[in-house]
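Peer 1: got a sequence here, can you build the structure:
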Amino acid sequence: MPRQWRETIRQNIERLAAGLSMYTGKAWAVTTLTAAIGIVVIGLPTAIYDNPFFVRMTPVRAQDYVIWILSSVLIGLIVGSYFAGGSKDGEGKMFSGGVLSVFAVGCPTCNKLVVLLLGTSGALTFFAPLQLYIGIGSVLLLGWTLLLRAKALTDTCSVSQMMAQQT
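Peer 2: Reported below is the predicted structural model:
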């Protein structure tokens, strides 16, 4: 890996750590609650866990569990960042990442839109293999949003600190 990439990754990890260090107790409580809600909201209609409302026609894959949990945790961290302060950057990316998560972990033949567009055999033949990449895209989009939120938090804090020092 080129040195410039390593430096960029290191800076982003430091920025993320700085942003997460600004979370208050309230922000962590909101993060935990939102992640738990995300687990239910994504998992219920996709029938990742047995429930009386939805039945899954295809077995749950290991990748579905990973994408489901990662997406829920990232959504929780993003929502929690709004309670730590800062600007509102990244709201659209969070919504898009959440919607992609549902498509990534859902049963391909249970998704009415996919079945309508591709048919049952098309859903299994074309859409099911793409779900892994949709899930990866979802997690990357949510991760990018969290990084933008961390940047907004640390930049806001830096400006506030500079203004306080000038007075």
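Peer 1: quick one, longest helix in the chain?
Peer 2: Looking across the chain with DSSP state H, the single longest helix is helix 128-166.
Peer 1: next, the buried residues of that helix.
Peer 2: Using 16 or more other CB atoms under 10 Å as the test for burial, helix 128-166 gives 128, 131, 134-139, 141-143, 145-154, 157. (Each C-beta comes from the backbone N, C-alpha and C, glycine too.)
Peer 1: low-scoring stretches of this protein, by residue?
Peer 2: The chain contains residues with pLDDT under 70 at 85-94, 156-167.
Peer 1: for it, which segments are assigned as helices?
Peer 2: Taking DSSP H, the helices of the chain run over residues 3-21, 25-46, 62-81, 91-105, 112-122, 128-166.
Peer 1: of those, which approaches F53 most closely?
Peer 2: Closest approach to F53 among the helices of the chain (CB to CB): helix 25-46, 6.5 Å.
Peer 1: and the closest one, what does it pack onto?
Peer 2: In terms of contacts (3 or more CB pairs under 8 Å, 6 or more residues apart in numbering; DSSP states H and E), helix 25-46 is packed against helix 62-81, helix 91-105.
Peer 1: which helices and strands does the first one pack with?
Peer 2: In other words, helix 62-81. Under the contact definition 3+ CB pairs under 8 Å, 6+ apart, helix 62-81 sits against helix 25-46, helix 91-105, helix 128-166.
Peer 1: distance to R15 added to those, as JSON lines?
Peer 2: Converted to JSON lines, the helices and strands packed on helix 62-81 look like this (distance: least, CB to CB, whole Å):
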{"stretch": "helix 25-46", "distance to R15": "17"}
{"stretch": "helix 91-105", "distance to R15": "17"}
{"stretch": "helix 128-166", "distance to R15": "5"}
